[in-house]
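Q: Please work out how this folds:
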Amino acid sequence: MKAAVYYETGKPDVFRYEDVAEPECAPNGIVLDVQAVSIEGGDTLNRLGGAMASVPHIVGYQCAGVVSEVGSEVTDRAVGQRVVCSGMHGSHAARRAIPAGATWIVPDELDIERAAAIPIPVGTADDCLFEFGRLQAGESVLIQAGASGVGIAAVQLAKRAGATVLATSSSDEKLERLAEFGLDHGINYARENFVNRARELTGGRGPDLVVDSVGGEVLKGSIECAAYRGRIVNVGSAGRDGANLDVSLLRPANKTLTGVFLGAELVLNPARAHAMIARHLEAAAKGELAIVIDRKYPLSEAGAAHEYIESRASFGRVLLIP
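A: Numbers count the residues shown, from 1 in each chain. All right, here's what the predicted structure looks like:
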C-alpha cells in the first residue's frame, strides 16, 4: 500500500510517498481503507522531533474510512462499516490497522471527511471546557488560537453552554469568521495586548476560564489575564518558544492550572471519553456542530499539507485524501 513516511524527523520535506507493507489485523482490531486523514497538531510535532515507532515511520493520530477486515475477537464492528479512529501513529496511509476499541461508527448522515476531523479536536475542546475547565453558564472563557480545529469546536461548545466567548487570532478575517460559530469578542493579538483586552472585555475582571493550546509566553499571559480564582487549561505547546513557567504566578489570585491530554482519558477513562466523542459525531450528523475543513491535499502531498498547517494560515482542519 502507499503511505507518507519519513526516515528521520525534521521539516515537512522529510516525507516520502512510498510503498509499505500491508497492515496486519490483530485479533482485537480492524483494518480500514482510509478515505480521509485529519492532520492533528501532534502529527506535526511528532514529525518535527517526536518518537518514531519504526523506520520508516507512518505518523498520524486520526483518520476515517471503511472497515475492510475484522479481527477474530471483535463482535461490534463489521466489514463495510464506516468508522473514524484515533491512535498513536499510522494515519498517513492508504490502510490502517487499529484496535476496534479506538474506533467510532460514523452516523449515516455524516460525510466521512467531516467525521475524520471530529474525535481529537472536538473531544479535546469538550474536556478543556467542561471535564477539566468546569465551565458554567454565565461565565466567560478565553480561547487561545480560536481558528484552530480545537478552537472552532471550543467556541461552539462554550457558546452552546451559555458562556461569554472570547478568542484570539492574528487575523481579523479569522475572528470575523468565528462570529458565525458563536464568538462574542475577538482579540487580534498581533496588534493589541490580549491580556489587557481580555480584562477590558470582561469588565476588568478577566475570564473565568482560559483554554491555552499555545504554551510558553502565551501561557504566562493566559495566567495573568484570568479572573480571581480563574482556571487555566493548557492543552498544547504550539508556540514552541521554550519559555519556562513560574508556577508562583498562580498564587496571588488563587488561580489553578490544569494540563489536559485527551489521549490519557481515552486510555484510562475510556467509557466516558468514548461516549462523549460519540455524542459529538451525532451532533455533527444532525447539523448541531459545524466541522470546518480548510483544505484537502492528496496523501502524496503530505509535506505540503504539513507546511501549510505550520504557516498558521489555516482556518479549521486540513485533510489528506489517499
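
Q: mean confidence for stretch 40-56?
A: Averaged over stretch 40-56, pLDDT sits at 94.

Q: Endpoints of that stretch, how far apart?
A: Start-to-end span of stretch 40-56 (Cα to Cα, to the nearest Å) is 20 Å.

Q: what separates the most centrally placed residue in the chain from residue 90, distance-wise?
A: Residue closest to the average C-alpha location in the chain (Cα atoms, centre = their mean): residue 121, at 2.8 Å. For residue 121, the distance to residue 90 (Cβ to Cβ, to the nearest Å) stands at 18 Å. (C-beta placed from N, C-alpha, C; glycine too.)

Q: got a list of what the residue nearest to the centre of the chain touches?
A: Residue 121 sits next to 38, 40, 148, 149, 150, 152, 153, 317 when contact means Cβ atoms under 8 Å, 6 or more residues apart in numbering.

Q: wait, which of those is closest to residue 126?
A: Among the contacts of residue 121, residue 153 lies closest to residue 126 (Cβ to Cβ), at 7.7 Å.

Q: Name all residues that make contact with the closest one.
A: Taking Cβ under 8 Å, 6+ apart as the criterion, residue 153 is in contact with 121, 122, 124, 125, 126, 289.

Q: go with 6 Å
A: Listed by Cβ atoms under 6 Å, 6 or more residues apart in numbering, the contact set of residue 153 reads 121, 122, 125.

Q: Which helix or which strand is home to the second one?
A: When secondary structure is defined using DSSP states H and E, the element that contains residue 122 is helix 119-126.

Q: Can you give the distance from that helix to the centre of its chain?
A: On the basis of Cα atoms, centre = their mean, to the nearest Å, helix 119-126 sits 6 Å off its chain's mean C-alpha point.

Q: Kindly report the same for stretch 249-264.
A: Centroid separation for stretch 249-264 versus its chain: 19 Å, with Cα atoms, centre = their mean.

Q: and residue 113, how many residues sit next to it?
A: For residue 113, the count of nearby residues is 18 (other Cβ atoms under 10 Å).

Q: How about the nearest residue to it once chain neighbours are set aside: which residues does it bridge to?
A: Leaving aside its sequence neighbours, residue 113 sits nearest to residue 36 (Cβ to Cβ, 6 or more residues apart in numbering; 4.6 Å). Residues in a beta bridge with residue 36, per DSSP bridges, are residue 64.

Q: OK, contacts around residue 36?
A: So residue 36 contacts 64, 112, 113, 116, 319 (Cβ under 6 Å, 6+ apart).

Q: what do you get if the cut-off is 10 Å, keeping everything else the same?
A: Residue 36 sits next to 62-65, 84, 91, 111-117, 293, 296, 317, 319-322 when contact means Cβ atoms under 10 Å, 6 or more residues apart in numbering.

Q: try residue 99
A: Residues in contact with residue 99 (Cβ under 10 Å, 6+ apart) are 26, 28, 29, 30, 71, 74, 85, 87.

Q: so the fifth one sits right up against residue 78, yeah?
A: No. When contacts are counted by Cβ atoms under 10 Å, residue 71 is not listed as touching residue 78 (11.7 Å).
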